[in-house]
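> quick one: sequence and predicted model below, then my questions.
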Amino acid sequence: MMRLAIYITLACFVGGLAVRADEQFPVLKAGSETYSNVTVTSVSATDIYFTHAGGMANAKLKNLSPDLQKHFHFDPKQAQTVELQQAENKVKYHEELLHPSAPPPPVTGIVKVRPSDVRAADLVWRTDLPGALKQARSDEKLVLLDFTGSDWCPWCIKFDQEVLSTDRFASYALNRLELVKLDFPRHTPLSDDLKQANEALVKKFKVDDIPTYVLLDANGRELGRQVGYVAGGPDKFIVKLDGFNRH
């Protein structure tokens, strides 16, 4: 629709002259056509637009008498340029109707997000380790497990506020990590299935204290862990995770 609007605009107004609104003629002759009770509404480089006794019409300036052409400042060269542009625009418009542009191909594969665009709210913390590992293998990422007590453990809450909920950590994690929160709340209800799954993982990874943060490769092999709260903010935690991955 935008292209159609552009073509119509060009056709009507490119090279347009000043509008002679409400100028009236008892009779207007244009080529073989004769109109009566004419009121001019606008004039372009190529056409005059008007109402008449029979309705609305337009006529080519080149078909008017020499006196009227002079009156409406008709310029043959300018009119020819505009008409050529109009013809070209019409061809483009009809080609677009017959052969519309193909939509862009769907985005496939891994879409990398620029770190500068990432906010903490963009991070997704999963609750299922098998799904996280599967996604990590597909996207060539690592997996970070967060064993936490989100509604009662002060050191868990403090580390979450200072590190895991920061934009700095988000910019690091979004394209590198699948995140899994293994929560053991005291006031927030969990489904029985999720409780059992979390307890099984505590036993599997031999977690004795919370918070504990475990970094895995995409096959579920442990690369390293941090037990308890460690001061230093997101940069110190990122350095530690990178160190786990290098060993």
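Cool, the structure landed.
> give me the distance from stretch 49-59 to the chain's centre.
A distance of 46 Å separates the C-alpha centroid of stretch 49-59 from that of its chain, computed with CA atoms, centre = their mean, to the nearest Å.
> quick one: residues in contact with it.
Under the contact criterion CB atoms under 8 Å, 6 or more residues apart in numbering, stretch 49-59 has outside partners 28, 30-31, 33, 35-43, 47-48. Glycine gets a C-beta too; all of them are placed from N, C-alpha and C.
> immediately after the helix or strand of the chain with the lowest mean pLDDT, which helix or strand?
Comparing helices and strands within the chain by mean pLDDT, DSSP states H and E singles out helix 2-13 as the least confident, with a mean of 37. Next helix or strand after helix 2-13 toward the C-terminus (DSSP states H and E): strand 23-30.
> assumed Asp235 was part of a helix.
Yes. With DSSP: H, G, I helix; E, B strand; the rest coil as the criterion, Asp235 is located in a helix.
> kindly state the domain boundaries assigned to this protein.
With automatic domain parsing as the criterion, the domains of the chain are listed as 2-98, 122-246.
> CSV please, covering these and showing mean neighbour count.
Listed next are those as CSV, based on neighbours: other CB atoms under 10 Å:
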stretch, mean neighbour count
domain 2-98, 14
domain 122-246, 16
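> tell me where this protein has strands.
Chain-ordered strands for the chain, with DSSP state E as the definition, fall at 23-30, 33-43, 47-52, 55-60, 125-126, 142-148, 177-183, 212-216, 222-227.
> for Glu83, give me its contacts.
When contacts are taken as CB under 8 Å, 6+ apart, Glu83 is in contact with Thr46.
> tell me the contacts of the residue of the chain most remote from its centre?
Relative to the centre of the chain, and counting by CA atoms, centre = their mean, the farthest-placed residue is Pro26 at 56.9 Å. Contact criterion CB under 8 Å, 6+ apart gives Ser36, Asn37, Val38 as the residues in contact with Pro26.
> what bridges to Trp125?
Leu179 (DSSP bridges).
> let me see the contact set for Leu145.
By CB under 8 Å, 6+ apart, the residues touching Leu145 are Leu129, Val180, Leu182, Leu201, Phe205, Thr212, Tyr213, Val214, Leu215, Leu216.
> one more time with 6 Å, if that's ok
Leu145 is in contact with Val180, Leu182, Val214, counting by CB atoms under 6 Å, 6 or more residues apart in numbering.
> so how far is Arg176 from the last one?
The one in question is Val214. With the distance defined as CB to CB, to the nearest Å, Val214 ends up 15 Å from Arg176.
> switch the contacts of Pro26 over to TSV; also include distance to Gly232 and pLDDT.
Written out in TSV, the entries for those read as follows (distance: CB to CB, whole Å; pLDDT from 0 to 100):
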residue	distance to Gly232	pLDDT
Ser36	91	92
Asn37	88	92
Val38	85	88
